[in-house]
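[1] no FASTA, just this:
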């Protein structure tokens, strides 16, 4: 990722608030979400793809002590707000919607190009966002999807983190998500809006239809910690779509 791209990631979030993402109109067990675009971190990435500690066991990931949230619906299946190769439960009151960067013709071409660039991170593109605002938090659980490849979950996740701006303190863990082998990472990003570090977390699985990354950010670390039960619920209930 170039420095220009990294800087753009830090400047775009405010503009994203004015952009309406394309979304499906129906869902199973949960309604469509409110407006919001892919939240991104701030300044250029400083950690290479191989950076970060490596640990084994879900207890080392730091999120296992967090209880899963109350179920509010399920996303990923046919007729749900997001068409995915996996399905998982979402927390009560969180609102899912499909995400794309079909921005139309009214946007400045340069800004449109920057925004489209933000929809891709590592080897995956954002396809779904689940908004926490109706539940009283500020943040999103986002799902990113890639093309089928030979990459394992760890490689997918490392590429995802390496393409994020200003990452530090990344700790990778081999875990099991449902019946699938997975990789999980907790790391520190940076909030351009608040000009302070913030915690982020993601896990990756590989399906026959390509890799899937589920990422939890948040406006700040306090919001992130408050939303971890929703992340744990997704991780606990994820399975291949049948």
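    Yes, it's here. The structure presented is a predicted model; accordingly, all values stated were derived computationally and were not measured. Residues are numbered from 1 along each chain as shown.

[2] Which of the helices and strands in the protein ranks last by mean pLDDT?
    Here the helix or strand of the chain ranked lowest by mean pLDDT, DSSP states H and E is helix 13-16, holding a mean of 38.

[3] Which helix runs longest in the protein?
    In the chain, taking DSSP state H as the definition, the longest helix is helix 221-237.

[4] same question for stretch 176-185, mean pLDDT?
    The average pLDDT within stretch 176-185 is 94.

[5] Going along the chain, name the helices of the chain.
    Going by DSSP H, the chain shows helices at 3-11, 13-16, 109-118, 153-162, 221-237.

[6] Can you tell me which of the ones you listed has the worst average pLDDT?
    Among the helices of the chain, helix 13-16 scores lowest, with a mean of 38.

[7] Touching, residue 232 and residue 71? I think so.
    No. At 11.8 Å, residue 232 does not count as touching residue 71 under the criterion of CB atoms under 8 Å. (Each C-beta comes from the backbone N, C-alpha and C, glycine too.)

[8] quick one, which of the two is more surrounded?
    Taking neighbours as other CB atoms under 10 Å, residue 232 and residue 71 compare with residue 232 leading, 20 against 14.

[9] Who's the closest spatial neighbour of that one, skipping the chain neighbours?
    residue 68 (4.4 Å; CB to CB, 6 or more residues apart in numbering).

[10] what about the one you found, neighbour count?
    Residue 68 has 17 nearby residues by other CB under 10 Å.

[11] Return the distance of it relative to residue 229.
    Separation of residue 68 from residue 229 (CB to CB, to the nearest Å): 6 Å.

[12] again with residue 98
    Relative to residue 229, residue 98 is positioned 24 Å away (criterion: CB to CB).

[13] ditto for residue 124
    As judged by CB to CB, residue 124 and residue 229 stand 24 Å apart.

[14] Settle it for me: which of the two has more neighbours?
    residue 124 (24 against 16).

[15] is that one in a bridge, and if so with what?
    Residue 124 has the following beta-bridge partners by DSSP bridges: residue 121, residue 146.

[16] Would you confirm that it contacts residue 163?
    No. The pair residue 124 / residue 163 is not scored as a contact, 9.4 Å apart, by CB under 8 Å.
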